[in-house]
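S.K.: Whatever this is, show me its structure:
(2 chains)
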Amino acid sequence: MPYSELLVRPMREELTSAGVKELRTPEEVDAFMNEKSGTALLVVNSVCGCAAGMARPGVRLALQGDRRPDRIATVFAGQDLEATAKARAYLPDIPPSSPSIAFFKDGELAWFMPRHRIEGRDAQTVAHDLMQVFAEHCAVPAI
Amino acid sequence: MGTFHQGKSELHGITVVVDTTGPEIFVGRCDDEDDRGILLNDADVHRDGDGGRSKEEYLQRAAQLGVWKKYDRLLVPRDRIVSVRRLGEVA
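M.R.: Below you'll find the predicted structure:
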């Protein structure tokens, strides 16, 4: 059962305020995922602070680096149910978990961080892993 | 941001591996643990040798991407538990 939107809003805004586009409907997910070129990050947000409390600040930190994906979006598990189900349909071989983070290059899944790789870690460590992926796959920004 | 999960065990919310005295090994998100055992959410179970995989081979695969749940909630009895560890700590 979804939590009150009043409780959840700050958790949404923790990502959207960092430039992450929130996908609230299956149609929005399709539009995001059907753009295949370049790099894309999809964050499956969740309420549970056991892991999401580290995932969100980790993503925010990583996005402050020199390199970042061309497109960055999020769905909210347990809240936006249809959008999340649609997003997971693009990851058919990955067991669902939330929070989790998927990185795509030219429409193909290139890297995935499941929930159990976030639990018990701090935001800096999550960000470090993300920044390594960005450094490997994302273009150097033009000056 | 708050967790909304006060009063639970230290492992609450953590994805754990529960090995047993028998052929079964469980992976799931710990809800709580007490004298009765450990209560898992969204749990999977593997029996040694199923699909030609040992417990360790199953665990290595689980550590990469996670597990497909077979049970929404599952209690592993205390007297059957050999070890409990975090899935995230499995190399």
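S.K.: how much space between the residue minimising distance to the centre of chain A and chain B?
M.R.: Chain A has residue A:43 as the residue nearest its centroid, 1.2 Å off, counting by CA atoms, centre = their mean. Distance of residue A:43 to chain B, given as CB to the nearest CB, to the nearest Å: 15 Å. All C-beta spots, glycine's among them, are computed from the backbone N, C-alpha and C.
S.K.: For the closest residue to that residue other than its chain neighbours, list each beta-bridge partner.
M.R.: Leaving out its chain neighbours, the residue that sits closest to residue A:43 by CB to CB, 6 or more residues apart in numbering or on different chains is residue A:74, at 4.2 Å. With DSSP bridges as the criterion, residue A:74 is bridged to residue A:22, residue A:43.
S.K.: Surely residue A:74 touches residue A:14?
M.R.: No. Contact criterion CB atoms under 8 Å: residue A:74 and residue A:14 do not qualify, at 9.9 Å.
S.K.: Quick check: the residue nearest to the centre of chain A touching residue A:15?
M.R.: Yes. Under the criterion of CB under 8 Å, residue A:43 is in contact with residue A:15, at a separation of 6.4 Å.
S.K.: what's the overlap in contacts for these two?
M.R.: Shared contacts of residue A:43 and residue A:15 (CB atoms under 8 Å, 6 or more residues apart in numbering or on different chains): A:56, A:59, A:74.
S.K.: Dump the residues you listed into TSV; add pLDDT as well.
M.R.: Shown next, in TSV, are the shared contacts of residue A:43 and residue A:15 (pLDDT from 0 to 100):
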residue	pLDDT
A:56	96
A:59	97
A:74	98
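S.K.: For the chain, which segments are assigned as helices?
M.R.: Looking at chain A here, since you left the chain open. A:5-16, A:26-33, A:52-62, A:81-89, A:123-137 (DSSP state H).
S.K.: I was thinking of chain B, sorry if that wasn't clear
M.R.: B:55-65.
S.K.: Can you name the residue of it nearest chain A?
M.R.: residue B:13 (2.9 Å; CB to the nearest CB).
S.K.: For the nearest residue to residue A:59 once chain neighbours are set aside, give its distance to residue A:86.
M.R.: The shortest distance from residue A:59 to any non-neighbouring residue, by CB to CB, 6+ apart, is to residue A:43 (5.6 Å). Going from residue A:43 to residue A:86 by CB to CB, to the nearest Å gives 15 Å.
S.K.: cool, and residue A:101?
M.R.: Look at residue A:101 and residue A:86: by CB to CB, they are 17 Å apart.
S.K.: Pick out whichever of those two has more residues nearby.
M.R.: In this view residue A:101 and residue A:86 are compared by other CB atoms under 10 Å in any protein chain shown, and residue A:101 has more residues nearby, 25 against 20.
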